[in-house]
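Peer 1: with the sequence up front, the predicted model follows.
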Amino acid sequence: MRLFDALGKDAAIERTLRYVGSLEAAPVWNDWYVGITRDVSRKLYAERRAPSMRSIYVSVDSAATARDVEKYLIDCHGLDGRPGGAEYPRYVYAFKKLPDTDPPLCSRQEAGPRAPVCDRHRRWPPTADGCVIADYIWHGRRLI
């Protein structure tokens, strides 16, 4: 597969999760932001100010696939993000939030896991579709 081949839903999810797992042995998933866009260089690097060494984007085969991947990563793995956005998205991107990115790393995340939880991080959804976030298992297949 070439680097810029358009991926289906499962392949895009797997590639994104493997990338995050390759950077952090025990990722804190809500320290990562996921989104969709049509123009990845403008959105990811100019608007979001994402660090190039801590970000990934994948080309997907349709706008519906982009929305499905984004929703899955937010709902099942707890990545930060707001579903929707771009009108005709062809890319799914994810990046490690830092104090100078948009959105920034919140004070709870900077202070560590024992700090008070902000409203945005109260959700930690154990879902019914087979995801076990704490063990990094995705539908019965080990990712790391």
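Peer 2: All right, it came through fine. Numbering: from 1, shown residues only.

Peer 1: helices and strands of the chain: which one has the lowest mean pLDDT?
Peer 2: Evaluated with mean pLDDT, DSSP states H and E, the helix-and-strand set of the chain has its lowest mean pLDDT in strand 137-138, which scores a mean of 36.

Peer 1: now the helices for the protein?
Peer 2: If you assign secondary structure with DSSP state H, the helices in the chain sit at 9-23, 40, 63-77, 107-111.

Peer 1: for R48, which non-adjacent residue is spatially closest?
Peer 2: D102 (5.1 Å; Cβ to Cβ, 6 or more residues apart in numbering). Glycine gets a C-beta too; all of them are placed from N, C-alpha and C.

Peer 1: spell out the residue ranges of the strands in this structure.
Peer 2: 32-37, 55-59, 91-96, 137-138, 141-142 (DSSP state E).

Peer 1: looking at these, which is closest to G78?
Peer 2: Checking these against G78 by Cβ to Cβ gives strand 32-37 as the closest, at 8.9 Å.

Peer 1: for Y33, find the nearest of the helices of the chain.
Peer 2: helix 63-77 (9.7 Å).
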